[in-house]
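In: below are the sequence and a predicted model; questions follow.
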Amino acid sequence: MSDTQTQAPGRNDPCWCGSGKKYKRCHAGQDAGATRGRRRGPDPERIAARVRPGRIGEARPVPADIPRPAYVDNDGTPPGPRRPAIPQDPDVIARMRRAGRAAREVLEALEPHVRPGVTTDQLDALAHEHIVSLGAYPSPLQYHGFPKAVCTSVNEVICHGIPDDRTLQEGDALNVDVTLYLDGVHGDTSTMFRVGEVDPDTDRLIVVTEAALAAGIDAARPGNQLREIGRAIQDLAEAEGMGVVRTFVGHGIGEDFHAEPTVYHYDEPSATLVLEPGMTLTIEPMINFGTWRHVMWDDGWTAVTADLKPSAQMEHTVLITDDAPELLTLTDRTEPPRDRR
Ligand code: MF3
Ligand code: CO
Ligand code: CO
């Protein structure tokens, strides 16, 4: 999910960089260049882009008897406003446990297939078939026009990579993000796969991303403000010298894919919502080895780091409880995220 409200300060507001200067006298010019589109971004001839757009295959069909979210028959746009964040009914929570587990099963079943020479679209095909075999709908498919069942984000791709005919290469770092709709609710989870052996910087990035997700989850407790999740993530990642992506955020989830509240992965002062047992949300930090800034490909989906250094992301759907948060996206063999630094 992207968040446009926080993208840039007003021209006369203080600059986001903390210089104390007005934004227009500081980073405004640079930001405009960085956000205008792929061609205004880093020159891939000069800086090593490791990922180029491939060919996107035909959309795969979903059997007509599988219930689909309302946006599918509404041109990809969810009808109605985003519902406020309120504790979910026990019945919704029970269904979310099943949807969350199913999403994680699909994600983990991909692992043996992630190897050099496999295309991201082949992974999409496997995930698509698995999801529909469970009687579920792949939530990204047709969501705001997204053409595939899962997102596959390689190396410098931050998120929302579209599965295509690019083959995985030895040393690639791949995020696969699976969301499915089962029994009227969504489960949303992602992880990083190493294709063979990755370089030491990328390995450290993945380790830090897992630690950041663990820290964010640990802050998701009743009585805490929402911003404390982001603060925990930001403190950890920035202490490691890494950048926290701001434009793409976590979200409430349940009967709606992207519900209130917006879950920031940095300390956002306006995120004062007090967490209560029964709230369900995703925590999905995107951590960059270099700058947190992104550039969009002209496909309108693929977000890459502005410096083309690697990015990593991991995601769980979590339930706020009276004490430690419950991860809804777990299988019997999932290792919950932890600090392995
Ligand atoms: N699963 C992503 C998330 O974590 C959203 C993907 S929606 C798509 O929120 F349209 F980009 F596929
Ligand atoms: Co996701
Ligand atoms: Co999500």
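Out: Thanks, I have it. Quick caveat: nothing in here was measured; it's all calculated off a predicted structure. Ligands and ions are numbered 1, 2, ... in the order given.
In: find the nearest non-adjacent residue to the residue of the stretch 201-341 of the chain found nearest ligand 3, please.
Out: As assessed by CB to the ion, ligand 3 sits closest to T282 within the stretch 201-341 of the chain, at 4.0 Å. C-betas here are computed from N, CA, C, even on glycine. Spatial nearest neighbour of T282, excluding adjacent residues (CB to CB, 6 or more residues apart in numbering): G250 at 4.3 Å.
In: how close does the one you found get to G223?
Out: 19 Å (CB to CB, to the nearest Å).
In: show me which of those two is the more surrounded one.
Out: Each of G250 and G223 has its neighbours counted (other CB atoms under 10 Å); G250 has more, 29 against 10.
In: that one against L281, yeah?
Out: Yes - counting by CB atoms under 8 Å, G250 does reach L281; the two are 6.2 Å apart.
In: what about the closest residue in space to K24 that isn't next to it in sequence, neighbour count?
Out: Spatially, and ignoring its direct neighbours in sequence, K24 is nearest to R11 (4.0 Å; CB to CB, 6+ apart). Neighbour count for R11, taken as other CB under 10 Å: 10.
In: in this structure R11 contacts A28, no?
Out: Yes - the pair R11 and A28 passes the contact test of CB under 8 Å, sitting 6.1 Å apart.
In: check L134 and give its pLDDT.
Out: Reading off the confidence values, L134 has pLDDT 98.
In: would you map the strands across the stretch 51-200 of the chain?
Out: With strands called from DSSP state E, counting those that start in this stretch, the stretch 51-200 of the chain shows them at 137-138, 151-154, 157-159, 173-182, 185-194.
In: so which of those comes closest to ligand 3?
Out: Of the strands of the stretch 51-200 of the chain, the one closest to ligand 3 (CB to the ion) turns out to be strand 185-194, at 4.1 Å.
In: so which bits of that closest one are buried?
Out: V185, H186, G187, D188, T189, S190, T191, M192, F193 (16 or more other CB atoms under 10 Å).
In: could you do stretch 104-113 as well?
Out: Of the residues in stretch 104-113, those buried (16+ other CB under 10 Å) are R104, E105, V106, L107, L110.
In: same question for stretch 86-100.
Out: Those would be P87, Q88, V92, I93, R95, M96, R97, R98, A99, G100, for stretch 86-100 by 16+ other CB under 10 Å.
In: burial check on the nearest residue to the fourth one once chain neighbours are set aside, number of neighbours?
Out: By the measure of CB to CB, 6+ apart, the closest residue to I93 outside its immediate chain neighbours is L319, 6.3 Å from it. L319 is surrounded by 20 other residues when neighbours are defined as other CB under 10 Å.
In: what do you get for G80?
Out: 9.
In: what residues are up against it?
Out: For G80, the contact set (CB atoms under 8 Å, 6 or more residues apart in numbering) is empty.
In: would you mind measuring from it to D177?
Out: For G80, the distance to D177 - CB to CB - is 25 Å.
In: could you do G196 as well?
Out: In terms of CB to CB, G196 sits 21 Å off from D177.
In: okay, the two: which has more neighbours?
Out: More crowded of G196 and D177, by other CB under 10 Å: D177, with 22 against 12.
In: just to revisit the earlier point, which strand residues bridge the residue nearest to T282?
Out: In this entry, G250 is beta-bridged to V263, by DSSP bridges.
In: can you tell me the closest non-neighbouring residue to G230?
Out: Y264 (4.1 Å).
In: what mean pLDDT does stretch 153-165 get?
Out: 98.
In: on that earlier part again, pull the CA atoms of the helix or strand that contains the residue of the stretch 201-341 of the chain closest to ligand 3 into PDB?
Out: Using DSSP states H and E, T282 falls within strand 280-283. The C-alpha atoms that make up strand 280-283 are tabulated as PDB, following Å, rounded to 0.1, in the frame of the first residue of the first chain:
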ATOM      1  CA  THR A 280      -5.600  -6.800  13.100                       C
ATOM      2  CA  LEU A 281      -2.900  -5.200  11.000                       C
ATOM      3  CA  THR A 282       0.100  -5.900   8.900                       C
ATOM      4  CA  ILE A 283       3.700  -5.000   9.800                       C
END
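In: ok, residues contacting it?
Out: 85, 88, 92-93, 96, 188, 213, 216-217, 220, 229, 233, 250-254, 261, 263, 265, 315-320, 328.
In: so which bits of this structure are right by ligand 2?
Out: The chain comes close to ligand 2 at residues D177, D188, E315, as judged by CB under 5 Å from the ion.
In: for the last one, list each beta-bridge partner.
Out: Residues in a beta bridge with E315, per DSSP bridges, are S190.
In: and for it, the neighbour number?
Out: Neighbours of E315 using other CB under 10 Å come to 25.
In: surely it meets M192?
Out: No - applying CB under 8 Å as the test, E315 and M192 come out as separate, 10.4 Å apart.
In: please, where are all the helices along the stretch 1-150 of the chain?
Out: 28-35, 90-109, 120-133 (DSSP state H, counting those that start in this stretch).
In: give me the mean pLDDT for the first one.
Out: Spelled out, it's helix 28-35. Across helix 28-35, pLDDT averages out at 56.
In: please renumber so the chain begins at 714
Out: All right, first residue 714 from here; so that's helix 741-748.
In: on that earlier part again, now do the contacts for the residue nearest to K737.
Out: With the criterion set at CB under 8 Å, 6+ apart, R724 makes contact with K735, Y736, K737, A741.
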